[in-house]
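Q: Make a model of this:
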Amino acid sequence: MSISRRDEDLLTWFFEEGVGLFWRSPLGPALERQGALGFDSRGRRVGKPQPWTRAATSAHRHRPVEASYLPDDDELFRAAAVSRRLRRVGAVDRAAEQTLETYYGGLGARWARTSFGRIFALYPLTDAGATLVREEQSARPDLELLPHEHIAAQWRAQRMQPTQSRRERCALIHAEAERRLFSAWRAWRAADDARPRRPS
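A: Sure, this is the predicted structure:
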C-alpha cells in the first residue's frame, strides 16, 4: 500500500533540504553590502588602483575570500518537479498534501528517531488524536505542551499502567493515522498518473 522507495527518498529530501532551495537567500543583502563598499563617504565610486602599482599589489594580496553561490540545476529541477506534483495532490486533496509534508518533513524526521516511529507525527492530525489533545489541554491548562507531547504522555502512561480504554484509544489513533497516510500515498501516485506526458 506504500509508495516506492524512490518516491519516499524524494519526499524526504524535498521537505528536509529541497524546499530550502526556494527560500530567500542571504546572498542578495551580502552583494548589496559589497556594492555599497564601492563608494566613499561622499557617494563617489572608489576607483580601482592602477595596474602594477604598490596599491594594486597590496589590494591583490589582501583580497578577502568572497562568498559565492552556484546553484545546482539538477537539484532545482528535482525540487520543482516535486513541488508541482505536491500542488497537484493539494488541488485534489488538501489533507493528503498536509499529511505528506508532516510525515516526510521535520516532524516526521524527529519522531522517526524515537520508539514511536515516523507515523507518530500524524497522530494529532487524526480526529481521535485531536480530540485527545483538546481533552488534555482543557484538563491541564497549566501545562504548556505541544500536541504530540500530550499524545506521547498517554502512550507512556499506557506502557506504565495499561488500561483497556486507553489501549483502545491508542489503537484508534494509530489506525486513523495509517488510513490518512495510505490515502495520501494514493493521492501521490494519482498525481503522477495525472502528470502531462510529452507527445511521442
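Q: what ranges of the chain fall below the confidence cut-off?
A: Residues of the chain that meet the criterion pLDDT under 70 lie in 1, 22-43, 46-71, 193-200.
Q: Swap in 90 and give it another go.
A: Residue ranges of the chain with pLDDT under 90: 1-3, 16-81, 107, 114-116, 136-150, 153-155, 157-159, 192-200.
Q: just the helices in it please.
A: Applying DSSP state H to the chain gives helices spanning 5-16, 27-36, 54-61, 73-92, 94-104, 106-112, 127-139, 147-160, 164-193.
Q: Who are the packing partners of the shortest one?
A: Based on contacts counted as 3 or more CB pairs under 8 Å, 6 or more residues apart in numbering; DSSP states H and E, the elements that helix 106-112 packs against are helix 5-16. Just so you know, the C-beta spots here come from the backbone N, C-alpha and C atoms, and that holds for glycine as well.
Q: For the helix it packs on, name the packing helices and strands.
A: Using 3+ CB pairs under 8 Å, 6+ apart: helix 5-16 touches helix 73-92, helix 94-104, helix 106-112.
Q: Contacts for that helix next, please.
A: By CB atoms under 8 Å, 6 or more residues apart in numbering, the residues outside helix 5-16 that reach it are 2, 78-79, 82-83, 86, 100-101, 104-106, 108-109, 188.
Q: try stretch 175-194
A: Identification of contacts with stretch 175-194 by CB under 8 Å, 6+ apart yields 1-3, 7, 11, 85-86, 88-89, 92-93, 95-97, 99-100, 103, 119-120, 122-123, 125-129.
Q: which of these are buried?
A: By neighbour count, with 16 or more other CB atoms under 10 Å, the contacts of stretch 175-194 hold 3, 7, 11, 85-86, 88-89, 93, 96-97, 99-100, 103, 119-120, 122-123, 125-126, 128-129 as buried.
Q: Now distance to I151 too, for the helices and strands packed on helix 5-16, in TSV please.
A: Formatted as TSV, those follow (distance: least, CB to CB, whole Å):
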stretch	distance to I151
helix 73-92	26
helix 94-104	14
helix 106-112	11
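Q: To Q164, which of those helices lies closest?
A: The closest of the helices and strands packed on helix 5-16 to Q164 is helix 106-112. By CB to CB, the value is 25.7 Å.
Q: Could I get the buried residue list for the closest one?
A: For helix 106-112, the buried set under the neighbour-count rule, 16+ other CB under 10 Å, comprises L107, G108, W111, A112.
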